[in-house]
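A.B. asks: I need the structure of the sequence given here:
(one chain, ligands or ions: 1)
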Amino acid sequence: GHPVYRDMPTTIFEHMSALARETGSINLGQGFPDAPGPPDILNMAAQALLTRSNQYPPMAGLPELRAAVASHYALHQGLDLTPQEVIVTSGATEAIAATLLALVQPGHEVLLLAPLYDAYLPLIERAGGVAKVVRLTPPEWRITQAALEAAASPRTRFLLMNNPVNPTGIVLREEELALLARFCVERDLIAICDEVWEHLTYDGVRHHPLMAQPGMRERTVKIGSAGKIFSLTGWKVGWMCAAPPVATLLARAHQFLTFTTPPNLQWAVAKGLAKPVEWFDAMRADYQASRDRLVAGLTKAGFLLLPSQATWFVCVDLPASGIAMDDAEFCERIVHEAGVAAIPISAFYPDDPVTHLVRLCFSKADDVLDEAVARLAEFR
Ligand code: GLN
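C.D. replies: Purely as a prediction, here's the structure:
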């Protein structure tokens, strides 16, 4: 049925960040970096604020940013998008909302892969859609044809997925992408791909968009986020890319959600997307070093972590670390008793949750990570 907002709790991310503020904890819960962000991009936004128009930009986005997104994906992912196929939004969350409101009609089924980001389900249900959840399990989180077939029906019209995956740090394997593409083509599904973590991959692993798979160019909505690419999560500049007939519908939903997005931020993001490839490599290397620092510290303290090759997150396996608590209890206890906030993985399952994993965010300064490790070592 329809979700009732009156009965809905505050998101786990805001809940944990509020607890972290109240308790003065180190916040390894909600995913955001603690660095100020790339100084040249911040400067460009400040300059644009003072020297360029601060009135409504074009509804679908500044032409400079739409062109920059298209060129960026041509260079980094081999896509052939035109600027007209890019609609700028106020963050990826708006892009997800606009896409679902524009495309999902009452009774349409939407396939989801759990663990899933918590915004997906309420938005699908408010649009009148029905979520069909494929439940994935650790440590492989592997997607199989049998699981897709068991969840889908002739009423299934969409696949909504996240790749690379928050909270697991998985990057979908080539054969999984091929499987999903074949599945969408055979069943005439539209794929809605939340790819906000596309640049945050490590160990030489690269992200490949589902849109580039055979038959997917015309049936994919690809969603991206400057907040993640440039470590500026508060900016809320995102975009959605789709072939013209779909993009037209997406723009109609966007016009009645936020209409436009602050023009100075769009301008600075457009400049940022044109940075040389080496800039993105260096950014990845920095986060990889942070991941390695947190993993090494926690491993030395006796914790066992699942491998993470993407995002800003790594998962602690509680029973394998010798901890006899479920994820929710562990997160409540460490925020109050150790002064560290984290996110329980069960929050990413609508039902039948995996309850033995806890997500930690590693996009933090070295001394912050070291202090968090010391506190967690002391707690156990
Ligand atoms: N994407 C962020 C995370 O997973 C949360 C963003 C939000 O709270 N809206 O931590």
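
A.B. asks: quick one, what contacts residue 148?
C.D. replies: In this structure, residue 148 makes contact with 111, 134, 179, 180, 183, judged by Cβ atoms under 8 Å, 6 or more residues apart in numbering. For glycine as for every other residue, the C-beta is placed from the backbone atoms N, C-alpha and C.

A.B. asks: hmm, try it at 6 Å
C.D. replies: Contacts for residue 148 were tallied using Cβ atoms under 6 Å, 6 or more residues apart in numbering; they are residue 183.

A.B. asks: quick one: mean pLDDT for stretch 308-318?
C.D. replies: Summarised as a single mean, pLDDT over stretch 308-318 is 98.

A.B. asks: what's in contact with it?
C.D. replies: Residues contacting stretch 308-318 (Cβ under 6 Å, 6+ apart): 31, 164, 166-167, 169, 171, 197, 200-203, 205, 303-306, 330, 356-363.

A.B. asks: measure that stretch end to end?
C.D. replies: In terms of Cα to Cα, to the nearest Å, the two terminal residues of stretch 308-318 are separated by 16 Å.

A.B. asks: same question for stretch 214-222.
C.D. replies: From the first residue to the last, stretch 214-222 extends over 15 Å; the measure is Cα to Cα.

A.B. asks: gap between that stretch and the chain center?
C.D. replies: Averaging C-alpha coordinates over stretch 214-222 and over its chain gives two centres that are 19 Å apart (Cα atoms, centre = their mean, to the nearest Å).

A.B. asks: could you list the buried residues of it?
C.D. replies: Of the residues in stretch 214-222, those scored as buried under the neighbour-count criterion (16 or more other Cβ atoms under 10 Å) are 216, 219, 220, 221, 222.

A.B. asks: filter the contacts of stretch 308-318 down to just the ones in helices.
C.D. replies: Restricting the contacts of stretch 308-318 to those inside helices, with DSSP state H as the criterion, leaves residue 330.

A.B. asks: quick one: which of the buried residues of stretch 214-222 is nearest the ligand?
C.D. replies: Within the buried residues of stretch 214-222, distances to the ligand taken as Cβ to the nearest ligand atom reach their minimum at residue 222, with 17.5 Å.

A.B. asks: tell me the contacts of the residue in the stretch 151-300 of the chain that the ligand sits nearest to?
C.D. replies: Here the residue of the stretch 151-300 of the chain nearest the ligand is residue 166; by Cβ to the nearest ligand atom that distance is 5.0 Å. With contacts defined as Cβ under 6 Å, 6+ apart, residue 166 is in contact with residue 311.

A.B. asks: and for residue 175, the neighbour number?
C.D. replies: For residue 175, the tally of surrounding residues (other Cβ atoms under 10 Å) stands at 10.

A.B. asks: likewise residue 320?
C.D. replies: Residue 320 has 14 neighbours, counted by other Cβ under 10 Å.
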